[in-house]
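build me a model from this:
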Amino acid sequence: MNITQPCTAHRKRRVHEKLFKHSYRARQWIFCLHIRDGSSHRLHFATSLAVRKFDPSRPNLKHKHGNHRRIVALQTFYEIDWMTIPKPVHRTSHLHRHQQREAGTYRRRSELPATEARTDHNGGRVLFVTTEMTDFVKAGGLGDVSAALPRAVARHHDVRVLIPGYPNVLAVVGKSMRMVGKTRGYHKLPACQIAEATLSDGLGVLVLCNADLYEREGSPYADASGHGWADNDIRFATLSYAAAEIALKHAHMSWQPDLLHLNDWPCALATHYLDGESEAVPTVLTIHNLAYQGVFPASAAAHIGLSARRRIDHDRHGRISFLHEGIAKATYLSTVSECYAKQITEPPCGCGLDVLLRKRASEGRLTGIVNGIDHSWDPQHDPALRIPFAIGEWDKRHENTQQLRDELGLRQQDGPLFAVISRMVQQKGVDLIYEAAPQIIAAGGQLALIGRGDPAIEHSIARLPRRFPGRVVAHIGFEEGLARRMFAGADFLLMPSRYEPCGLSQMYAQAYGCLPVAHATGGLIDTIEDGITGLLFRDATVSELRRCLQRAFRVFAEPLLLNAMRGAAMLEKHGWDVPGRQYATLYSRILLKRPSDPSAQSAPPVREKDVYAHL
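Numbering: from 1, shown residues only. Okay, the predicted model is just below:
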């Protein structure tokens with residue numbers, strides 16, 4: 001579409017070109033271009049809007065709102081005097097089920113309080129079982145989810161968190177916690193004490209205390225050198241057993257849950273310990289990453305109490321899988337994005353469990369709910385940034401870019417800055433970035449990497465700065481303050497993940513106006529709109545990544561398009577309000593039939609429209 005508008009002398013004309021309209025939230029981006037004529041010549045305003053259609057036969061790139069059109073190029077010539085961005089317009093009907101919001105409550109992330117008081121305990125009592133929580137200890141994205149989701153759901157249900165008593169947990173709540181229950185030993189699972197503490201915002205935390213199992217230096221899963229604990233089967237089977245004992249009212253506690261929310265393989269065996277019990281409560285098992293299944297030798301079955309008559313169900317080529325047991329026995333399954341929920345039912349992403357997951361999905365017991373991010377990811381109020389900025393303050397953002405280059409030791413130049421903030425592992429596609437780095441440098445770009453992981457990949461990445469001094473920098477390790485400044489200063493974030501259940505980095509980047517360049521998989525499809533809030537490519541190959549990098553350079557060469565995409569990305573709302581309501585609705589639906597009902601373990605499937613119902 002080409003538009004050419006002449007302007008006569010001493011006359012002003014405003015041309016309103018609607019570039020982006022998100023129908024699912026009735027958001028409109030309107031660019032008001034103020035065009036003037038010169039005194040002795042006529043100016044012409046021309047805008048070229050190239051619209052690209054993707055092949056609808058390839059569903060992995062189908063627009064999540066049913067629209068295959070993508071804005072991929074915008075060229076504006078001559079003078080642009082000013083640009084305004086109106087506030088989003090709200091409608092109360094036809095809201096997309098992924099983005100349902102109450103009319104009139106659309107608030108900026110910075111205006112959201114850290115927590116809100118619990119307003120509705122007419123719902124059920126939910127025990128959220130996890131192995132990490134950012135308040136105390138974090139090894140991955142589960143820590144962020146465990147810190148935010150219980151607080152979001154607590155507005156609708158009475159939620160408490162169960163976590164092992166790691167040294168960091170005891171250091172934070174050790175003085176305020178009180179013993180409220182205990183569990184008995186079972187086979188080789190030791191007895192434990194259960195303590196309770198209340199955090200400053202009112203969230204209740206149950207701490208499973210056993211010094212021999214949990215009071216160790218290192219991460220929740222491995223020692224300081226990165227080697228997994230040899231007794232992880234006992235450690236996490238004990239956590240699962242404790243959750244089941246609390247649910248079965250065997251832990252001598254006054255508070256009893258109506259539902260267990262289990263997270264990943266370390267908590268999945270709770271479904272086994274509840275199986276067949278008359279007082280069993282329903283369970284929700286969230287799969288954060290199907291690749292990690294808690295696989296142990298079959299000989300461990302006797303130690304953790306897997307009954308001999310059913311051991312054949314768990315034996316997979318001489319090994320047992322905690323996650324396999326949880327998937328088979330949980331009342332309901334969820335994953336951390338919609339696309340990932342579909343992908344894991346097929347062999348490429350099913351990790352050997354696709355048949356079982358397809359069966360559970362056909363029963364209506366598998367759904368995907370996209371994770372959110374914490375309200376602290378706001379460039380206007382981030383203490384890690386020397387120069388805070390908001391939408392439209394692109395000069396301030398550019399100053400962050402210059403300061404980041406100085407901090408990292410990169411040359412000051414006009415080309416784009418690409419960031420990689422990731423674990424250095426094959427899943428994240430860091431090897432693809434290594435192969436594509438020469439193209440980035442040759443085209444005038446720069447590359448900054450931060451993270452740690454596989455030593456072989458770390459070694460390869462560490463060679464890049466020596467090969468391209470002043471244009472590539474690699475920081476092996478992790479520092480959150482530096483990561484936040486990289487989100488605020490980089491122009492693009494590279495995420496060529498081979499698979500990505502949800503991903504949080506792309507949402508952090510969008511909040512700071514850094515456009516993600518990502519492989520179209522899992523949660524990256526659900527959270528990135530190609531050509532609007534980021535760029536996607538189909539296959540996790542170097543050639544596809546290079547082609548997408550060419551698109552990124554073309555976007556960077558058009559400042560209006562670049563800033564429009566930045567603004568669209570920053571307007572995305574990835575908070576926990578929507579996921580919290582979705583999980584709250586899921587809990588309510590499951591709890592419609594109480595465990596006392598003989599058919600409780602075969603409760604009716606949760607319909608998709610119920611999961612996304614507007615509370």
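
from now on I want contacts and neighbour counts done on CA atoms only, so please keep to that.
Noted.

got a list of contacts for stretch 484-492?
379, 384-385, 397-404, 416-419, 493, 508-509, 512-517, 552 (Cα atoms under 8 Å, 6 or more residues apart in numbering).

whoops, I mixed them up, stretch 157-168
With Cα under 8 Å, 6+ apart as the test, stretch 157-168 has contacts from 120-133, 136-137, 150-151, 153, 203-211, 214-217, 220, 239, 243, 584.

buried residues in stretch 224-234?
Residues of stretch 224-234 classed as buried: 229, 232, 233, 234 (neighbour count, 16 or more other Cα atoms under 10 Å).

closest to residue 295 out of those?
residue 233 (8.7 Å; Cα to Cα).

contacting residues for the closest one?
Counting by Cα under 8 Å, 6+ apart, the residues that residue 233 touches are 294, 296, 300, 304.

repeat for residue 369
Counting by Cα under 8 Å, 6+ apart, residue 369 touches 334, 335, 336, 337, 338, 579, 582, 583.

okay, and which of the residues you listed map to helices?
Residues of the contacts of residue 369 located in helices (DSSP state H): 338, 579, 582, 583.

filter the residues you listed to the buried ones?
338, 579, 582, 583.

determine which two of these are furthest apart.
338 and 583 (13.6 Å).

residue 266: which element?
Assigned by DSSP states H and E, residue 266 belongs to helix 264-268.

contact partners of stretch 418-431?
445-454, 457-458, 483, 486-487, 490-500, 505, 540.

buried subset of those, written for PyMOL?
Of the contacts of stretch 418-431, the buried ones go into a single PyMOL selection, burial set by 16+ other Cα under 10 Å:
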select buried, resi 445+446+447+448+449+450+451+452+457+458+483+486+487+490+491+492+493+494+495+496+497+498+499+500+505+540
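
so which of the contacts of stretch 418-431 sit within helices?
Those of these lying in helices (DSSP H): 457, 458, 483, 486, 487, 505.

any weak-confidence spans in the protein?
1-122, 307-317, 593-615 (pLDDT under 70).

try 50 this time
1-120, 309, 312, 595-615 (pLDDT under 50).

how close does residue 465 get to residue 446?
Using Cα to Cα, to the nearest Å, one gets 11 Å for the distance from residue 465 to residue 446.

what does residue 510 give?
Taken as Cα to Cα, the span from residue 510 to residue 446 is 19 Å.

may I have the phi/psi pair for the residue lying closest to residue 386 once chain neighbours are set aside?
Excluding the flanking residues, the one nearest residue 386 by Cα to Cα, 6 or more residues apart in numbering is residue 400, at 7.5 Å. Here is the backbone geometry of residue 400 (degrees, to the nearest 10): phi -60, psi -40.

the closest residue to residue 236 other than its chain neighbours: neighbour count?
Using Cα to Cα, 6+ apart and skipping residues adjacent in sequence, the residue nearest residue 236 is residue 266, 5.1 Å away. Residue 266 has 26 neighbouring residues, counting by other Cα atoms under 10 Å.

quick one: residue 193 is in a strand?
Yes - the assignment for residue 193 is a strand, going by DSSP: H, G, I helix; E, B strand; the rest coil.

wait, what's in contact with it?
179, 181, 182, 183, 208, 209, 210.

JSON lines for the residues you listed, including neighbour count?
JSON lines is the format used below for those (neighbours: other Cα atoms under 10 Å):
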{"residue": "179", "neighbour count": "15"}
{"residue": "181", "neighbour count": "19"}
{"residue": "182", "neighbour count": "20"}
{"residue": "183", "neighbour count": "22"}
{"residue": "208", "neighbour count": "25"}
{"residue": "209", "neighbour count": "22"}
{"residue": "210", "neighbour count": "18"}
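
and the residues you listed, which is closest to residue 277?
The shortest gap between residue 277 and any of these belongs to residue 183, at 16.8 Å (Cα to Cα).

pull up the gap between that closest one and residue 322, please.
Plainly put, residue 183 is 21 Å away from residue 322 if you go by Cα to Cα.

helices - which of the contacts of stretch 157-168 land there?
150, 151, 153, 211, 214, 239, 243, 584.

buried among these? Make that a PyMOL selection.
Typed into PyMOL, the line below selects the buried ones among the ones in helices among the contacts of stretch 157-168, using 16+ other Cα under 10 Å:
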select buried, resi 150+151+153+214+239+243+584
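
ok, which pair from the ones in helices among the contacts of stretch 157-168 is furthest apart?
The span of those, defined through Cα to Cα, is set by 211 and 584 at 34.2 Å.

gap between stretch 359-373 and the chain center?
15 Å (Cα atoms, centre = their mean, to the nearest Å).

could you measure from the residue nearest to residue 236 over to residue 325?
11 Å.

mutual contacts of these two, please.
The overlap between the contact sets of residue 266 and residue 325 (Cα under 8 Å, 6+ apart) is empty.

how about residues contacting stretch 211-223?
Under Cα under 8 Å, 6+ apart, the answer for stretch 211-223 is 131-132, 137-139, 164-167, 224-226, 228-229, 232, 235.

out of those residues, which sit inside helices?
167, 232, 235.

if we only consider these, which is nearest to residue 352?
Nearest to residue 352, judged by Cα to Cα, of the ones in helices among the contacts of stretch 211-223 is residue 232 at 21.9 Å.

run through the residues that contact that closest one.
residue 221.

and residue 520, how many neighbours?
Using other Cα under 10 Å, residue 520 has 26 other residues around it.

wait, doesn't it sit right on residue 536?
Yes - between residue 520 and residue 536 there is a contact at 5.5 Å, judged by Cα atoms under 8 Å.

cool, thanks, talk later.
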